[in-house]
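Asks: sequence and predicted structure, then a few things I'm wondering about:
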Amino acid sequence: MIIVANWKAYVDTTEKAKKLFTSAKRLTQYADIVLAMPHPYIGMCGGSAKSKVALAAQDVSISTGGADTGEVTAGTLASLGVSYAIVGHSERRAKGETDEMVLEKVKRALAHNITPILCVGEQERDPDAKYLNTVRAQLSAVFSQLSQKERLAVVVAYEPIWAIGKTAAESIQPVDLEEMVLYIRKVLGEYLPGKSPLKVRVIYGGSAEPGNARALAGGSGIDGFLVGHASVDVPTFSALVRAVS
Ligand code: PGA
């Protein structure tokens, strides 16, 4: 299991960041732990190079550098030891990020050996299952433009927007998650031969909490979680990681 903690903008002091980072180190015995933290904390945590906790950025710039005020490039992130980057999170898409921009970001990350965590997911579920088309379009926009090798390097995070920032009770049901994971791998099958879609890691995000994580992990075919609010409280995150290990 790979568990990505998406701190979003919840963590606003270095003390809190250090506490979360230190406790995450103790959780690496249970799962692969990836911390997606605000950029400044990456500098702070990146120094301890031998750490088993992997560092992620919550976004990566399209910029390749130069005169581009305010941008943080993939090269900069890589030089700080970042090995993953969340790309196309719905909270960034809501600010105007298009599929084209998401594709560029995926390419920038890959060019610097940073594993992109590509977020896809529908706004809501409709009885005609048109939401499947949304997910298909988001996946296709990226996978159709990558090489075979690059396709296998992407982690897909299925994050239904309606389930984000809620509670375990309002999150997705295991059976619905299982169905979506199968669908995602079916779409990936259009871009990858044979059994290769099974090699692409698919993780789930959207109110994954200690109370539902184990049920969601069992039998759904996911390889891990992208955890938001439940990742910024030490006991809660620790309980979630232990629950799925
Ligand atoms: P949540 O966020 O766990 O708070 O629902 C998940 C995400 O948006 O990555």
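Replies: Sure thing, it's come through.
Asks: got a list of what the closest residue to Thr76 other than its chain neighbours touches?
Replies: Of all residues not flanking Thr76 in the chain, Gly65 sits nearest, at 7.9 Å (Cβ to Cβ, 6 or more residues apart in numbering). C-beta: built from backbone N, CA, C; applies to glycine. Contacts for Gly65 (Cβ atoms under 8 Å, 6 or more residues apart in numbering) come out as Thr73, Gly75, Thr76.
Asks: dump these to a markdown table, plus pLDDT and neighbour count.
Replies: Output for those, formatted as a markdown table (pLDDT from 0 to 100; neighbours: other Cβ atoms under 10 Å):
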| residue | pLDDT | neighbour count |
| --- | --- | --- |
| Thr73 | 98 | 18 |
| Gly75 | 98 | 16 |
| Thr76 | 97 | 19 |
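Asks: now, the residues you listed that are in helices?
Replies: Members of the contacts of Gly65 lying in helices (criterion: DSSP state H): Gly75, Thr76.
Asks: does the most centrally placed residue in the chain belong to a helix, a strand or coil?
Replies: When Cα atoms, centre = their mean is applied to the chain, the residue found nearest the centroid is Ile117 (4.3 Å). Classification of Ile117 using DSSP: H, G, I helix; E, B strand; the rest coil returns strand.
Asks: settle this for me: it is touching Phe225, isn't it.
Replies: No. Using Cβ atoms under 8 Å, Ile117 makes no contact with Phe225, being 11.2 Å away.
Asks: need the contact list for the closest residue to the ligand within the chain.
Replies: Closest to the ligand within the chain is Gly228: 2.2 Å, counting by Cβ to the nearest ligand atom. Contact partners of Gly228, counting by Cβ under 8 Å, 6+ apart, are Asn6, Lys8, Ile164, Gly165, Gly205, Ser207.
Asks: check which residues of the helix or strand of the chain at the bottom of the mean pLDDT ranking are buried.
Replies: Every helix and strand of the chain was ranked by mean pLDDT, DSSP states H and E. The lowest is helix 39-46, at a mean of 92. Residues of helix 39-46 classed as buried by neighbour count (16 or more other Cβ atoms under 10 Å): Tyr41, Ile42, Cys45, Gly46.
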